[in-house]
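Enquirer: Next input, structure requested:
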Amino acid sequence: MKLDLLRTLNEERAARRAVIVVTDVGSGAQRLVKAADVAGDPLRDLLAERLRTGKSGVAETPDGQAFLTVHVPPTRLVITGAVHISQALAPIATLLRSLAALPDLPGWRFRLGALILAARREALDGAPPLRSGVRAQAPRAPREGR
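Expert: From the prediction side, this is the model:
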């Protein structure tokens, strides 16, 4: 692998952005495709599928065989509070190196819930009806203190 390609790969991985290294099996030539650039690539369908699944491997392309090395950032598990389920999940998430714990501060869950509900409402704006006039609605945010 050429040094500039390796440098770009490490920068993208450090920034938690997905990339694919496409290696031509016959010639050994390599190129790096960033997730943001997949739509403009000649192999866009194949690359999009590999990014979705996160699986590397040999693929047949119009130019012959290519090995696609997929680098996707690991998923994160966000745990709020110190309740029994969170306590059971924390060691598992730590082993997977995917733990992002939030402290159980007063009102924190309410604020987080309100942010999630606001995002849902924004996503539902302009959503098509589910059936004959019934439209999906996001639940209302709970009141503070409940």
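Enquirer: SS state for Gly28?
Expert: coil (DSSP: H, G, I helix; E, B strand; the rest coil).
Enquirer: That should have said Ile85, apologies.
Expert: helix.
Enquirer: all strands of the protein, in order?
Expert: For the chain, strands defined by DSSP state E occupy the ranges 19-24, 30-34, 57-61, 64-71, 77-80, 99-102.
Enquirer: need these in JSON lines with distance to Arg50, can you?
Expert: Using the backbone N, CA and C atoms, a C-beta is placed for each residue, glycine as well. Output for the strands of the chain, formatted as JSON lines (distance: least, Cβ to Cβ, whole Å):
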{"stretch": "strand 19-24", "distance to Arg50": "6"}
{"stretch": "strand 30-34", "distance to Arg50": "10"}
{"stretch": "strand 57-61", "distance to Arg50": "8"}
{"stretch": "strand 64-71", "distance to Arg50": "5"}
{"stretch": "strand 77-80", "distance to Arg50": "24"}
{"stretch": "strand 99-102", "distance to Arg50": "26"}
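Enquirer: could these go into TSV alongside distance to Leu6 and mean neighbour count?
Expert: Putting those into TSV (distance: least, Cβ to Cβ, whole Å; neighbours: other Cβ atoms under 10 Å) gives the following:
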stretch	distance to Leu6	mean neighbour count
strand 19-24	9	20
strand 30-34	9	16
strand 57-61	21	12
strand 64-71	12	16
strand 77-80	30	15
strand 99-102	28	14
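Enquirer: weakest of those strands by average pLDDT?
Expert: The minimum mean pLDDT among the strands of the chain belongs to strand 99-102 (a mean of 56).
Enquirer: Minimum distance to Thr8: which of the strands of the chain has it?
Expert: strand 30-34 (5.7 Å; Cβ to Cβ).
Enquirer: tell me the angle that closest one makes with strand 64-71.
Expert: Per axes from the mean of the first three to the mean of the last three Cα atoms, to 10 degrees, the angle that strand 30-34 makes with strand 64-71 is 50 degrees.
Enquirer: Can you tell me the strand partners of strand 30-34 and which way each runs?
Expert: Counting by DSSP bridges, the strands paired with strand 30-34 are strand 19-24 (antiparallel).
Enquirer: what about the helices in this protein?
Expert: 3-14, 44-53, 84-95, 108-124 (DSSP state H).
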